[in-house]
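Student: sequence? don't have it. structure:
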DNA sequence: ACCTGAACACCGTTCAAGT
DNA sequence: ACCTGAACACCGTTCAAGT
């Protein structure tokens, strides 16, 4: 669809908040009403855009035979895909795409887990957890990146100013890490935690439980 | 702030998409322009609302002495808080609150981890991971709940229709779990995974790594 | 000090009418 | 079959002027 390509290009240029049907129409040398011949609503267009976001995730084969490394690779690809376009995480979070890329990616995640020996429901829930973490993380990461581009005090500065000495002792000690812009390190930590949990849970189980 | 209370009440009534400055003003028997005497922008108002969302998270003391159970309890409280108001997760995800409730909650999370023996940076990153997961999960959960209330085919039906037999074998096997509405089970699975990962990582470490 | 009235510069969406 | 023109019913935000 030429409309979706144009919309993604405009998204990179102006961001989600400024991506309007009128502005997209202008970029395509057409009147806004014409867009509704292909998409019934703006939300439908956004859903189509979300689908395309994940297009590159399954192009190359996975490089490792180890299931936890394969899972990590898929997770990294999804993060990279969402970060690849301005406000990509927000676009994806705001829609519920059910196209070939999204379904293929979910199938791949669950497939790796099933081949590793996890039961169908454990594999499905682990995949959901992974995707929810990736979405939450990339949402934060892109918000932090574009927040720095906006006017006004950046988020780390706001945080440093708000953490009054003595009032939040643990937060104060963690400030250097929390205000760090090494989001890859944050992502790898969280991903590692989930993989560690899956290894500890072990294939064959059906629930991790929460007890000690 | 009476404005924030009125805004939260209106949010529950009409949802985030219909929460406009004009409509809020009408509910408060005032003209829209008057709201700008207290909040410079709508986003600023939403940030204040996000702060209030977490108000109940630290009211009662934690019931268990076990650090992983304490962490789980905090996580469950944040989920409950976000689910407590219509579109709560979307409101929270769209802002970057730095008020007493948000900071106090972050401090509590990190505090539990530090008292368990984790280093400052591991504690901070684990807290970020936890919050990102909770946000991603509640975003999905509320989207699914309100999606069912809208017109048109619900999300599970769309998924069932899209998963053509044979094309996504793993997804097909996982469909019963993926379309289940027992979001508490999904949440507890993901939470358990993260806690398991933290236990396996063990206090004293600084990074989980991703290798086997 | 606080609010109104009125405007500015936009939105998403619809639909008769044109070609 | 596809697009335009024009409208409908809204938005967030600003600001002189009132009280």
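Tutor: On my side now, so go ahead. All values reported here derive from a predicted model rather than from experimental measurement.
Student: ok, the residue nearest the centre of chain A - contacts?
Tutor: Nearest to the geometric centre of chain A sits residue A:135, at 3.5 Å (CA atoms, centre = their mean). Listed by CB atoms under 8 Å, 6 or more residues apart in numbering or on different chains, the contact partners of residue A:135 are A:82, A:89, A:92, A:93, B:136, B:139, B:140. For every residue, glycine as well, the C-beta is placed using N, CA and C.
Student: which residue is the nearest non-sequential neighbour of residue A:154?
Tutor: Counting by CB to CB, 6 or more residues apart in numbering or on different chains, residue A:148 is the residue found nearest to residue A:154 once chain neighbours are left out, at 5.0 Å.
Student: next, the one you found: secondary structure please.
Tutor: helix (DSSP: H, G, I helix; E, B strand; the rest coil).
Student: the helix or strand encompassing the residue nearest to the centre of chain A: what's the following helix or strand?
Tutor: Residue A:135 belongs to helix A:120-149 when assigned by DSSP states H and E. The helix or strand immediately downstream of helix A:120-149 is helix A:155-162, counting by DSSP H and E.
Student: that following helix - what's its average pLDDT?
Tutor: Helix A:155-162 shows a mean pLDDT of 82 in the predicted model.
Student: ok and it relative to helix A:120-149, angle-wise?
Tutor: Helix A:155-162 and helix A:120-149 are oriented at 80 degrees to each other (axes from the mean of the first three to the mean of the last three CA atoms, to 10 degrees).
Student: next one: the helix holding residue A:135 to chain centre, how far?
Tutor: Distance of helix A:120-149 from its chain centroid, counting by CA atoms, centre = their mean, to the nearest Å, is 5 Å.
Student: check which residues of it are buried.
Tutor: If you call a residue buried by 16 or more other CB atoms under 10 Å in any protein chain shown, then helix A:120-149 has these buried ones: A:120-144.
Student: break chain A into its domains for me.
Tutor: When chain A is parsed with automatic domain parsing, its domains come out as A:1-40, A:57-201.
Student: hey, which of these is tucked in deepest?
Tutor: Of all those, domain A:57-201 carries the top mean neighbour count, a mean of 19, counting by mean count of other CB atoms under 10 Å in any protein chain shown.
Student: do that one and DNA strand C meet?
Tutor: No: counting by CB under 7 Å from any atom of the strand, DNA strand C has no neighbours in domain A:57-201; the shortest distance is 13.0 Å.
Student: now tabulate the contacts of residue A:135 in TSV and tack on distance to DNA strand D and pLDDT.
Tutor: Converted to TSV, those look like this (distance: CB to the nearest atom of the strand, whole Å; pLDDT from 0 to 100):
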residue	distance to DNA strand D	pLDDT
A:82	26	98
A:89	22	98
A:92	24	98
A:93	20	98
B:136	26	98
B:139	21	98
B:140	25	97
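Student: of those, which pair is most distant in space?
Tutor: A:82 and B:140 (15.0 Å; CB to CB).
Student: what does chain A have sitting close to DNA strand D?
Tutor: For chain A, the contact set with DNA strand D under CB under 7 Å from any atom of the strand comprises A:29, A:30, A:31, A:32, A:33, A:34, A:37.
Student: show me which of these is closest to residue B:55.
Tutor: In terms of CB to CB, no member of those lies closer to residue B:55 than residue A:32, at 42.2 Å.
Student: other SSEs contacting the helix or strand containing residue A:172?
Tutor: According to DSSP H and E, residue A:172 maps onto helix A:169-178. When contacts are defined as 3 or more CB pairs under 8 Å, 6 or more residues apart in numbering or on different chains; DSSP states H and E, helix A:169-178 sits against helix A:155-162, helix B:100-115, helix B:120-149.
Student: lowest mean pLDDT among the helices and strands, pick that one out for chain A.
Tutor: helix A:155-162 (a mean of 82; mean pLDDT, DSSP states H and E).
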